[in-house]
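In: Structure for the following, please:
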Amino acid sequence: GTCAGICPFKVVEMFQSKAGSYRPRITSGRECPRCNMCVETCPPLSLNLGDLTEKLFGSSPKDSDIGHHIDLFQGFSSDDKARHEGSSGGVGTTLISYLLQSGAIDAALLVKGNPNNPIRPVPFLAYSSSDAFEAKGSRYYPVPLNIKIREILEKKIKVAVVGLPCHLHGLRLASSANSELNELIVAYIGLFCGKTPSANATNCLCRALGHNPEHVLSIAYRGQGWPGLVRIASDSGASKIEFKNCWKYFLGSNYFALKHCLMCEDFFSELSDISLGDAWLDSVENDTVGRSLIITRTSKAQTIINEMREKGILRLWPVNATEVKKDFASNIIRKKRLNKSNLLNCCKDHNGLKKLFESKSVYDETYLTFENLQRWIGENRFLSQRLIKYPPTFFMKCMFFIQKLLWFLVVRRPDHKDFFKWAVKKCRGF
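Out: Modelled structure (predicted):
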């Protein structure tokens, strides 16, 4: 939504496509003066994560997997309610509340549930801690967060922004193009993101659990412990499903992956001041309440986190970067290798990008082809309603098994001849 928010002539608006993503269009009855501001600030059209990182931090990151950073922590909020109701430790909600109460910001740009359409979350400006608490938890649904740029500029208020890598990419581009916006956004708080599912994922989940998406009264994707429960209530009743199963077969599946998400190489929100996400670390795998992984990237962010730690607002422990890269290896391979391959397939030799992808293998290409097949099934409403259900059908289990097998090959990259000899041997054993 950066283009709609930054357009000086207010002629761009966002609409939800049949594929379940938001797209820009010229407002009916208006004429575009062709100022090109929307093109210059559009993340999918700006293949410049490395250039932006170097511009923001003064040099290329020494760690290409995590990005430029000062320190890494794992921990949680001292506020038990924020921790229990949040996605992973309540650090995001507590951090925003602290910035608001200290007067560092006038408002925070967040996302909350829409009372008029509970399935479709909306961006909003939070002016108090109670407002910020409305944004607790996660929303696995596309949100045009950056349309609020216009409101920030009109009200001339200092804000902190909590968003996904694509949101922050757009905001950094917009801030570079608009000096006033650059002064008004005082803190960029990024969330880890493997991919955002399309709107069809939530619609399909609701139908699979026996709810009409149009009659849903409330939906919560996380909370009540960790990793939490997905809870849906409608006029036909209420349902609960463990988040892990929901992510495995619906929200995190390739059926509902957005095309641009599969070309994004930023998992850890490398353009943020502070990055937050679930602490999916082996050392804390038995935690059932929730812990966050916190990455500080600027001295300003480091100061804020240290203050909150010293005051007892956050309980934090240092984490080694090696441990993070080991436990998030799958996400790093997905973003830094496969997504770059997707980008190459779309851009071909654009700006010499081909040199970046010489490491891709036949396993990578096979996995990406299978992924496209899954996306095609998810985008086909007839097939998705009949094949994607809960409890998972035999078809879904088989597809998941094939996906995991192909992913194993992507990660391990065994020699072709050795792998086929192993496969033949296994088949003869049945």
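In: tell me the centre residue of this structure?
Out: Cys193 (3.0 Å; Cα atoms, centre = their mean).
In: quick one, what contacts that one?
Out: The neighbours of Cys193, taking Cβ atoms under 8 Å, 6 or more residues apart in numbering as the test, are Leu164, Pro165, Cys166, Cys261, Cys264, Asp266, Phe267, Ser269. All C-beta atoms are positioned from the backbone trio N, CA, C, and that covers glycine.
In: which of the residues you listed are buried?
Out: Leu164, Pro165, Cys166, Cys261, Cys264, Asp266, Phe267, Ser269 (16 or more other Cβ atoms under 10 Å).
In: Taking the residues you listed together, which two end up most distant?
Out: Cys261 and Ser269 (13.8 Å; Cβ to Cβ).
In: which stretches of this protein have low pLDDT?
Out: Low-confidence segments of the chain (pLDDT under 70): 47-48, 343-360, 415-430.
In: before we move on, the earlier item: doesn't the residue nearest to the centre of the chain belong to a strand?
Out: No. With DSSP: H, G, I helix; E, B strand; the rest coil as the criterion, Cys193 is assigned coil and is not in a strand.
In: Next one: it from Asn212, what distance?
Out: 29 Å (Cβ to Cβ, to the nearest Å).
In: repeat for Trp226
Out: 30 Å.
In: Helices along the stretch 1-150 of the chain, start to end?
Out: Counting by DSSP state H, counting those that start in this stretch, the segments of the stretch 1-150 of the chain that form helices are 2-6, 37-40, 49-57, 80-85, 91-101, 129-133, 149-155.
In: Go through these and pick out the most buried.
Out: helix 2-6 (a mean of 26; mean count of other Cβ atoms under 10 Å).
In: Buried residues, the helix or strand containing Ile402. List them.
Out: Under DSSP states H and E, the secondary-structure element containing Ile402 is helix 394-412. Neighbour-count burial for helix 394-412, counted by 16+ other Cβ under 10 Å, picks out Met396, Met399, Phe400, Gln403, Leu406, Trp407, Leu409, Val410.
In: Could I get those in a markdown table, plus columns for distance to Asn320?
Out: Below are these laid out as a markdown table (distance: Cβ to Cβ, whole Å):
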| residue | distance to Asn320 |
| --- | --- |
| Met396 | 37 |
| Met399 | 36 |
| Phe400 | 32 |
| Gln403 | 30 |
| Leu406 | 31 |
| Trp407 | 25 |
| Leu409 | 29 |
| Val410 | 26 |
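In: Next up, the contacts around the residue lying closest to Gly163 once chain neighbours are set aside.
Out: Leaving aside its sequence neighbours, Gly163 sits nearest to Leu145 (Cβ to Cβ, 6 or more residues apart in numbering; 5.2 Å). Listed by Cβ under 8 Å, 6+ apart, the contact partners of Leu145 are Gly1, Leu109, Val111, Pro123, Val161, Gly163, Leu164, His167.
In: Quick check on these: which are buried?
Out: In terms of neighbour count (16+ other Cβ under 10 Å), the buried residues within the contacts of Leu145 are Gly1, Leu109, Val111, Pro123, Val161, Gly163, Leu164, His167.
In: Nearest to Thr369 among the contacts of Leu145?
Out: Nearest to Thr369 among the contacts of Leu145, with distances taken as Cβ to Cβ, is Leu164, at 26.5 Å.
In: Compute the distance between the closest one and Ser176, please.
Out: 19 Å.
In: related to what we said a few turns ago, who has more neighbours, Trp226 and Asn212?
Out: Comparing Trp226 with Asn212 by neighbour count (other Cβ atoms under 10 Å), the higher total belongs to Trp226, at 22 against 12.
In: where along the stretch 201-350 of the chain do the strands fall?
Out: 216-220, 229-234, 237-242, 274-278, 292-296, 314-318 (DSSP state E, counting those that start in this stretch).
In: The last one pairs with which strands?
Out: Sheet partners assigned to strand 314-318 using DSSP bridges are listed as strand 71-77 (antiparallel).
In: again with the fourth one
Out: Counting by DSSP bridges, the strands paired with strand 274-278 are strand 185-191 (parallel), strand 292-296 (antiparallel).
In: Leaving out chain neighbours, which residue sits closest to Ser17?
Out: Arg23 (5.0 Å).
In: swap in Arg231?
Out: Ala220 (4.7 Å).
In: What of Gly50?
Out: Nearest one to Gly50, counting by Cβ to Cβ, 6+ apart, is Ser60 at 6.7 Å.
In: about what we covered before: and the residue nearest to Arg231, how many neighbours?
Out: Other residues near Ala220 number 20, with proximity taken as other Cβ under 10 Å.
In: ok, it - contacts?
Out: Gly137, Leu229, Val230, Arg231.
In: Select only the buried ones of those residues in PyMOL?
Out: Only the buried entries of the contacts of Ala220 go into this PyMOL selection, using 16+ other Cβ under 10 Å:
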select buried, resi 137+229+230+231
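In: And Asp327, how close does it get to Ile66?
Out: Distance from Asp327 to Ile66, by Cβ to Cβ: 12 Å.
In: Then Cys398?
Out: Taking Cβ to Cβ, one finds Cys398 at 35 Å from Ile66.
In: for Thr94, same thing?
Out: Taken as Cβ to Cβ, the span from Thr94 to Ile66 is 23 Å.
In: What of Arg25?
Out: 37 Å.
In: Of those two, which one has the most company?
Out: In this view Arg25 and Ile66 are compared by other Cβ under 10 Å, and Ile66 has more residues nearby, 20 against 13.
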